[in-house]
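Visitor: What follows is a predicted protein model with its sequence.
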Amino acid sequence: GHKHALRILSEDVDEEYIFACHSEREANDWVTALRKGSFEGLRALLGELRNRLLKLTGEDPIPPWYHINLESTDESALVRSGTSAGRMLSEDEAGIVLELTIGCLGLVVPNEDVRPSTYVVTHTMTPPQAFWVNHAETEIVEDNSDPQFFTTIIFRTGS
């Protein structure tokens, strides 16, 4: 064994990973980084930032059509629903003609060992213009052949 090592086991996969570190501090830094990068850590950070913005602005920064359960341990609880049925549209939303939620499945990669980092850029052309105009883009989803983008693309009247 290593004096300062971490052993990581997965419930889903029968593999284990051992991180050998030079010091106890380095091992503790790895543990902190892994916890912060975990689903639970990111969900806790989302809740904390949401509460801060709510206190600063008096408004929930997450729109009501985002159905997020910050208490759930299931990652699917962070999937949003784009429906706005049953509620009045705000003044900002009234001019929305189309809102797209974008995701990809099974992006083809040249090498099985490489997973793509992807984002989507949308362009529009409104006649009589004869050129494309950059409209919007999503965030970058790293190392994922099946990215689901949190940024929605909104088309408004006159845009």
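Guide: Here it is on my side, so go on.
Visitor: From here on, just use CA atoms for contacts and neighbour counts.
Guide: OK.
Visitor: Tell me where this protein has strands.
Guide: Assigned by DSSP state E, the chain shows strands spanning 5-9, 16-20, 96-100, 121-124, 133-137, 153-156.
Visitor: Now mean neighbour count and distance to E40 too, for these, in a markdown table please.
Guide: Shown next, in a markdown table, are the strands of the chain (neighbours: other Cα atoms under 10 Å; distance: least, Cα to Cα, whole Å):
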| stretch | mean neighbour count | distance to E40 |
| --- | --- | --- |
| strand 5-9 | 13 | 16 |
| strand 16-20 | 12 | 20 |
| strand 96-100 | 12 | 27 |
| strand 121-124 | 12 | 30 |
| strand 133-137 | 13 | 27 |
| strand 153-156 | 16 | 27 |
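Visitor: Distance to D113 and mean pLDDT for those strands - can I get that in JSON lines?
Guide: Shown next, in JSON lines, are the strands of the chain (distance: least, Cα to Cα, whole Å; pLDDT from 0 to 100):
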{"stretch": "strand 5-9", "distance to D113": "21", "mean pLDDT": "78"}
{"stretch": "strand 16-20", "distance to D113": "18", "mean pLDDT": "78"}
{"stretch": "strand 96-100", "distance to D113": "31", "mean pLDDT": "77"}
{"stretch": "strand 121-124", "distance to D113": "26", "mean pLDDT": "88"}
{"stretch": "strand 133-137", "distance to D113": "27", "mean pLDDT": "89"}
{"stretch": "strand 153-156", "distance to D113": "31", "mean pLDDT": "81"}
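Visitor: V114 is nearest to which of the ones you listed?
Guide: Nearest of the strands of the chain to V114, taken as Cα to Cα: strand 16-20 at 19.8 Å.
Visitor: Just the helices from the protein, written as ranges.
Guide: 24-37, 39-57 (DSSP state H).
Visitor: Could you provide those in CSV, with additional columns for mean neighbour count and mean pLDDT?
Guide: CSV is the format used below for the helices of the chain (neighbours: other Cα atoms under 10 Å; pLDDT from 0 to 100):
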stretch, mean neighbour count, mean pLDDT
helix 24-37, 13, 82
helix 39-57, 14, 83
